[in-house]
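Asks: Here you go, sequence then predicted model.
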Amino acid sequence: MKDESKDVLIMYYAPWCGHCKKLKPTWSQLAKDQAKNPDMVIAKMDWTENEADGVAIKSFPTIFYYPKGNKAGVKYEGGRALEDFQKYLEPKAKHDEL
């Protein structure tokens with residue numbers, strides 16, 4: 001997430017969380033869809049096993065977008081359907097094939 005050369009959308013999750021389990025297939029599909037963009041990383045982090053400096057998690061899943069040049073991050077507040085994530089990322093995509 002701190003890689004200045006990449007845009008990163010990351011889901012902080014807990015393995016026991018029902019909302020996280022429900023989102024898992026959508027998140028996996030989003031990662032597959034974005035794999036062709038070398039500048040975009042779709043990631044997930046088990047918050048029960050890890051922590052990230054400067055990130056406060058109060059509920060699961062919590063999603064942040066870390067664009068190039070702004071590694072402070074922006075909390076994602078949109079919908080949780082695949083189409084919602086795709087619409088969110090579309091204007092941020094830097095790769096011509098997206």
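Replies: That came in fine, so what should we check first?
Asks: CA only for contacts and neighbour counts going forward, please
Replies: Noted.
Asks: Tell me where the longest helix sits in this structure.
Replies: helix 18-34 (DSSP state H).
Asks: pLDDT of that one, averaged?
Replies: Taken as a whole, helix 18-34 has an average pLDDT of 97.
Asks: My guess is residue 79 contacts residue 85. True?
Replies: Yes: counting by C-alpha atoms under 8 Å, residue 79 does reach residue 85; the two are 7.3 Å apart.
Asks: Give me the residues contacting the lowest-mean-pLDDT helix or strand in the chain.
Replies: Least confident helix or strand of the chain, by mean pLDDT, DSSP states H and E, is strand 74-75 with a mean of 92. Strand 74-75 has contacts (C-alpha atoms under 8 Å, 6 or more residues apart in numbering) with 62-66.
Asks: Out of those residues, list just those in strands.
Replies: Here DSSP state E is the test, and the contacts of strand 74-75 give 62-66 as lying in strands.
Asks: re earlier: now list whatever residues contact both of residue 79 and residue 85.
Replies: Joint contacts of residue 79 and residue 85 (C-alpha under 8 Å, 6+ apart) do not exist.
Asks: In terms of packing, which of these two has more residues around it?
Replies: Between residue 79 and residue 85, counting by other C-alpha atoms under 10 Å, residue 85 is the more crowded of the two (17 against 10).
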